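K.L.:
the amino acid sequence is not available; the structure is as follows:
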């Protein structure tokens, strides 16, 4: 999730178990420790663009690394706070703050290797957006009040709010998945794989991707407890068959290895970009929740098998048309071109 949210969640947990005398220090330590896991962003290479996505949210985000990460954060904080708290108290608050980071990241759709080094499975619970202003600003307000009032109780309220918000995201995700299966059944499709996650900044408009008969179908689903479910139909796109597309590549080549690395990162939701036939895209991500245009991808060049692929962003432009469409879908209204969403009863 975004760094501010990580720091805030990292601060409310130690703040909630501290006392009135120590809460400000506990919040500060937890905030700093909650940021530390993202130090892995410095692992990158100018010649190997995939090195970043391979190591981001890997060992520093593993559950087994929490005691070590907490120790590193505590050692840093102890340099400045050793006259105010003993080391083990600092370590306790730092470990709590650090430990929230990997769990919060796993709540998003990016993928987090919680079980490294025992497994390279990328855990993605898909219950909150990577950026969510309601979540972040509410926590920020509660942390500020807790610090000003020196109130562990307010910090506990912040912790309860965070948990309840994520549980609401879980409920919304399950509702969106149910709507997806109803939609697929109405089309006569047999669902083979599913990816459902909230669109940017909210828990009401969801990006729904499902695989059926060699095609990915992408739709936007608006879920609200107070109104009917609305479906904004998208398009379909052919699944990238790695066995077929890579059959002519040397399996020991750099290109083959890079495509496999990207496939693992994208959890196998690969497609050929609809506008660029030499781009393999990650269909999980898109600017509009019902768009088949991937947010990023890699350039596939069989003529240069011993060179690393390049990784680029291909659909990050936010013109007025896209913004209007997104707002219309988020509000459950007709699209600017007059297209109406279909409806499902909750």
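P.N.:
The structure has been received and is ready for your questions. Please read all numbers here as calculations on a predicted model, not as lab measurements.

K.L.:
any low-confidence regions in the protein?
P.N.:
By pLDDT under 70, the low-scoring segments of the chain are 314-320, 346.

K.L.:
domain boundaries for it, per the record?
P.N.:
3-125, 237-313 (automatic domain parsing).

K.L.:
and among those domains, the most buried is which?
P.N.:
For these, the largest average neighbour count (mean count of other CB atoms under 10 Å) is found in domain 3-125, namely a mean of 20. The way it works is simple: take the backbone N, C-alpha and C, and place the C-beta from them, glycine included.

K.L.:
need the strands for the stretch 201-346 of the chain, in chain order.
P.N.:
Secondary structure of the stretch 201-346 of the chain (DSSP state E, counting those that start in this stretch): strands at 205-212, 215-222, 229-232, 236-238, 270-272, 279-282, 296-299, 311-313, 342-344.

K.L.:
tell me which of these lies nearest to residue 290.
P.N.:
strand 215-222 (3.8 Å; CB to CB).

K.L.:
so which of the strands of the stretch 201-346 of the chain comes closest to residue 135?
P.N.:
strand 205-212 (15.2 Å).

K.L.:
what strands line up against the closest one, and which way round?
P.N.:
strand 193-198 (antiparallel), strand 215-222 (antiparallel) (DSSP bridges).

K.L.:
buried stuff in the last one?
P.N.:
This means strand 215-222. Neighbour-count burial for strand 215-222, counted by 16 or more other CB atoms under 10 Å, picks out 216, 217, 218, 219, 220, 221, 222.

K.L.:
can you tell me which of the residues you listed lies closest to residue 248?
P.N.:
Closest to residue 248, out of all of the buried residues of strand 215-222 and judged by CB to CB, is residue 216, at 23.5 Å.

K.L.:
export the domains of the chain to TSV and tack on distance to residue 181?
P.N.:
Shown next, in TSV, are the domains of the chain (distance: least, CB to CB, whole Å):
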stretch	distance to residue 181
domain 3-125	19
domain 237-313	17
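
K.L.:
if we compare the ones you listed, which one ends up closest to residue 339?
P.N.:
Of those, nearest to residue 339 by CB to CB is domain 237-313, at 10.6 Å.

K.L.:
any idea how far the closest one is from the chain center?
P.N.:
Relative to its parent chain, domain 237-313 has a centroid offset of 20 Å by CA atoms, centre = their mean, to the nearest Å.

K.L.:
straight-line length of that domain, end to end?
P.N.:
19 Å (CA to CA, to the nearest Å).

K.L.:
now swap in stretch 106-126 and tell me
P.N.:
For stretch 106-126, the end-to-end distance is 8 Å (CA to CA).

K.L.:
what comes into contact with that stretch?
P.N.:
Residues outside stretch 106-126 that contact it (CB atoms under 8 Å, 6 or more residues apart in numbering): 1, 57-59, 61-65, 102-103, 105, 127-130, 166, 169-170, 173, 195-198, 264-265, 267, 284-285.

K.L.:
ok, now how distant is residue 36 from residue 54?
P.N.:
Computed as CB to CB, to the nearest Å, the residue 36 to residue 54 distance reads 20 Å.

K.L.:
same deal with residue 343?
P.N.:
Counting by CB to CB - residue 343 and residue 54 are separated by 43 Å.

K.L.:
three-state assignment of residue 77?
P.N.:
In terms of secondary structure, residue 77 is helix; the call rests on DSSP: H, G, I helix; E, B strand; the rest coil.

K.L.:
who's in contact with it?
P.N.:
28, 29, 32, 33, 90, 94 are the contacts of residue 77 under CB under 8 Å, 6+ apart.

K.L.:
same check, this time on residue 91
P.N.:
Counting by CB under 8 Å, 6+ apart, residue 91 has contacts 70, 71, 74.

K.L.:
setting aside sequence neighbours, what's the nearest residue to the second one?
P.N.:
Going back to what we said before, that points to residue 71. In space, and not counting its chain neighbours, residue 71 is closest to residue 91: 6.5 Å by CB to CB, 6 or more residues apart in numbering.

K.L.:
that neighbour sits in which helix or strand?
P.N.:
helix 87-106 (DSSP states H and E).

K.L.:
how far away from the center of its chain is the very next helix or strand once past that helix?
P.N.:
Downstream of helix 87-106, the next assigned helix or strand under DSSP H and E is helix 133-149. Put simply, helix 133-149 sits 22 Å off its chain's centre (CA atoms, centre = their mean).

K.L.:
next, the angle from helix 133-149 to helix 87-106.
P.N.:
Going by axes from the mean of the first three to the mean of the last three CA atoms, to 10 degrees, helix 133-149 is angled at 160 degrees with respect to helix 87-106.

K.L.:
give the burial count for residue 164, as a bare number.
P.N.:
Residue 164: 10 surrounding residues under other CB atoms under 10 Å.

K.L.:
got it, and residue 226?
P.N.:
5.

K.L.:
so how far is residue 340 from it?
P.N.:
19 Å.

K.L.:
same deal with residue 267?
P.N.:
Distance from residue 267 to residue 340, by CB to CB: 33 Å.

K.L.:
and for residue 57, nearest residue in space, chain neighbours not counted?
P.N.:
Nearest one to residue 57, counting by CB to CB, 6+ apart, is residue 112 at 4.5 Å.

K.L.:
what sits against residue 128?
P.N.:
Taking CB under 8 Å, 6+ apart, one finds 1, 107, 108, 135, 165, 166, 169, 198, 203 in contact with residue 128.

K.L.:
quick check: the fourth one touching residue 165?
P.N.:
Spelled out, that is residue 135. Yes: between residue 135 and residue 165 there is a contact under CB atoms under 8 Å: 5.5 Å.
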